[in-house]
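>>> Have a look; sequence and predicted model below, questions after that.
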Amino acid sequence: MGILFGGQNKLMKKTSVHQSKNIKLNMSRRIRRTPFTDKVEKLGVSDFTVVNHMLLPKGFRKTVEQDYWHLSKHVQLWDVSCQRQVQISGKDAFKLIQKLTPRPLKKMQTGKCFYIPILNEKGGMINDPVLLKLDDDMFWISIADSDILLWANGIAIGLGLDVKIKEPDVYPLAVQGPKSEDLLVSIFGEEIRKIKFFNFRIFDFMGTKQIIARSGYSKQDGFEIYFKGFEKYFDSKDLGENLWDTIWKVGKKFNISPGCPNLIDRIEGGLMSYGNDFTKENNPYECNLEKYCKFDDHDFIGKKALEKIKKSGLKQKMRGVMFGGKPYKPNGKLLPVLSLNKKIIGRITSGIFSPRIKKNIGLSMISKDYWKENQKVLVETLDGKLVKGTITSLPFPK
Ligand code: THG
């Protein structure tokens, strides 16, 4: 079990502390606000979390379920500025980025977004960002919650590469949901419809160039505006608030609401969260990311280790678990998953009741002998009861 669930056992004891109500997080300069934080506060944000040392709204005084139905029918505006960009430019920019990931990038064209694993030298996942190619010598890495700025800088120094690395003045704003396309067409014109999934185009906003991609941390249709501040003309907060207000005003006729990545939608869609569902203790195969790991073509950090892992085989893999019992309200505790003869075979790292599937659903690394679809399992719920469960593939079946 030590190998299987390294790191997570220790976590289990501590997590109940995270649930303590009435204890406030002390805000300081290290917990960065975004150009949109004032806006989400005015709209009644009820909780924040911190990602990449920056505030991320977690709720708006509605239930996750109300928010889920709204997202699936209308349009929402999310402050996902915490998806920080690591900008890598210069003569060796491509060389450095290709060194960071097992996914081949040779054929990547300007205007494309690629989901890429980033590994350490042991083949462990240290991030799963979206990479944007802005030009042959200019890339943004749109990171999950770990410090890739430092990692990339260290590697560039170590290899003596000719690159510039910085965190630009960019704050992604997600417009998600089935009405997001019509909403953005009303502001930026018909060209919005031409953006294909995981591609971006450049649009004008008040005389500034803004990147808009068709992407987002949701399985509904949606866009991400990589809002960029231009100090030359405005303070980035003024321009950002202007953009927010423009979307909000036009959004009214599309029934817009403020939102944030939705846990039900994310789990149903099988979108994993770095630091929650997987960590550096996990390799990309365990995370079902084998399609982004190619060996023939280039050298990358973690390559040797990954080859070894591939040869020796896997002990566990990320799976969906559907389970009964009372509608599960997540509280930070990891629910044990057991075989029918009561051996621990996994722990649910993200779980919630799905009103569409009408069952509890969760994500869990599952040990080898049990990870097949339709495998019957048991899940230990918060009150210590064992309930019946089934292993599913990801995303959860429609
Ligand atoms: N958007 C942007 N940056 C991000 C996220 C995001 N950085 C952090 C985090 N989210 C990265 N994680 C993911 C995980 C999955 C997806 C996007 C970001 C995703 N995957 C598609 C899927 O699984 O269907 C397709 C991937 C592909 O085709 O390459 O959308 O949300 N800017």
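Yes, it's here.
>>> Check which element follows the lengthiest strand in the chain along the chain.
Of all the segments of type strand in the chain, defined by DSSP state E, the longest one is strand 344-354. Sequence-wise, the next helix or strand downstream of strand 344-354 (DSSP states H and E) is strand 359-367.
>>> quick one: strands adjacent to that following strand?
strand 316-323 (antiparallel), strand 344-354 (antiparallel) (DSSP bridges).
>>> And those: which comes nearest Asn288?
Taking C-beta to C-beta as the measure, the strands paired with strand 359-367 were each checked against Asn288, and strand 316-323 came out nearest at 5.5 Å. All C-beta spots, glycine's among them, are computed from the backbone N, C-alpha and C.
>>> model confidence over the longest strand of the chain, on average?
Averaged across strand 344-354, the pLDDT comes to 98.
>>> Likewise for stretch 70-85?
Here the mean pLDDT over stretch 70-85 is 98, rounded to a whole number.
>>> What separates the first and last residues of that stretch, distance-wise?
According to C-alpha to C-alpha, to the nearest Å, stretch 70-85 extends 29 Å from its N-terminal end residue to its C-terminal end residue.
>>> Any chance of JSON lines for the strands paired with strand 359-367, columns distance to Trp140?
Shown next, in JSON lines, are the strands paired with strand 359-367 (distance: least, C-beta to C-beta, whole Å):
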{"stretch": "strand 316-323", "distance to Trp140": "26"}
{"stretch": "strand 344-354", "distance to Trp140": "27"}
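>>> Save these as CSV, and put in mean neighbour count and distance to the ligand too.
Shown next, in CSV, are these (neighbours: other C-beta atoms under 10 Å; distance: least, C-beta to the nearest ligand atom, whole Å):
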stretch, mean neighbour count, distance to the ligand
strand 316-323, 23, 12
strand 344-354, 22, 13
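>>> Distance check, Pro104 against Ala213.
Summarising the geometry, the distance separating Pro104 from Ala213, computed by C-beta to C-beta, to the nearest Å, is 21 Å.
>>> what about the closest residue to Ile143 other than its chain neighbours, how many residues close to it?
If the residues on either side of it in the chain are set aside, Ile143 comes closest to Pro129, at 4.5 Å by C-beta to C-beta, 6 or more residues apart in numbering. Per other C-beta atoms under 10 Å, the neighbour tally for Pro129 reads 25.
>>> what residue ranges in the stretch 151-300 of the chain are flagged as low confidence?
Within the stretch 151-300 of the chain, the stretches with pLDDT under 70 are 232-233.
>>> Up against the ligand, what does it have?
Among all residues of the stretch 151-300 of the chain, those adjacent to the ligand (criterion: C-beta under 6 Å from any ligand atom) are Pro172, Phe198, Ser215, Gly216, Tyr217, Glu224, Leu271.
>>> ok, back up a step: out of the strands paired with strand 359-367, the one nearest Asp47 is which?
Proximity to Asp47, assessed across the strands paired with strand 359-367 by C-beta to C-beta, is greatest for strand 344-354 (15.2 Å).
>>> chain center to the closest one, what's the gap?
Going by C-alpha atoms, centre = their mean, to the nearest Å, the spacing between the C-alpha centre of strand 344-354 and its chain's C-alpha centre is 18 Å.
>>> Let the chain start at 350 from now.
Fine by me, first position is 350 from now on; the one you just mentioned is strand 693-703.
>>> Output it as PDB, nothing but the C-alphas.
What follows is strand 693-703, C-alpha atoms only, in PDB (Å, rounded to 0.1, in the frame of the first residue of the first chain):
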ATOM      1  CA  ILE A 693      -8.200  -1.600  -0.200                       C
ATOM      2  CA  ILE A 694      -7.800  -1.100  -4.000                       C
ATOM      3  CA  GLY A 695      -8.000   2.700  -4.200                       C
ATOM      4  CA  ARG A 696      -9.200   5.900  -2.800                       C
ATOM      5  CA  ILE A 697     -11.700   8.400  -4.300                       C
ATOM      6  CA  THR A 698      -9.800  11.700  -4.600                       C
ATOM      7  CA  SER A 699     -12.700  13.600  -6.200                       C
ATOM      8  CA  GLY A 700     -16.300  12.500  -5.700                       C
ATOM      9  CA  ILE A 701     -19.900  13.900  -5.700                       C
ATOM     10  CA  PHE A 702     -23.500  13.000  -6.400                       C
ATOM     11  CA  SER A 703     -24.400  13.300 -10.100                       C
END
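>>> For Leu532, pull up the helix or strand it's in.
Element membership of Leu532, judged by DSSP H and E, is helix 529-537.
>>> outside of that helix, which residues touch it?
By C-beta atoms under 8 Å, 6 or more residues apart in numbering, the surrounding residues in contact with helix 529-537 are 424, 524, 541-542, 552-554, 561, 569-572, 595-596, 599-600, 603, 605.
>>> in it, what counts as buried?
Neighbour-count burial for helix 529-537, counted by 16 or more other C-beta atoms under 10 Å, picks out Ser529, Glu530, Leu532, Leu533, Ser535, Ile536, Phe537.
>>> where's Pro478 relative to Leu508, distance?
On the measure of C-beta to C-beta, Pro478 and Leu508 end up 20 Å apart.
>>> same check, this time on Ile693
Applying C-beta to C-beta, the value for Ile693 to Leu508 is 42 Å.
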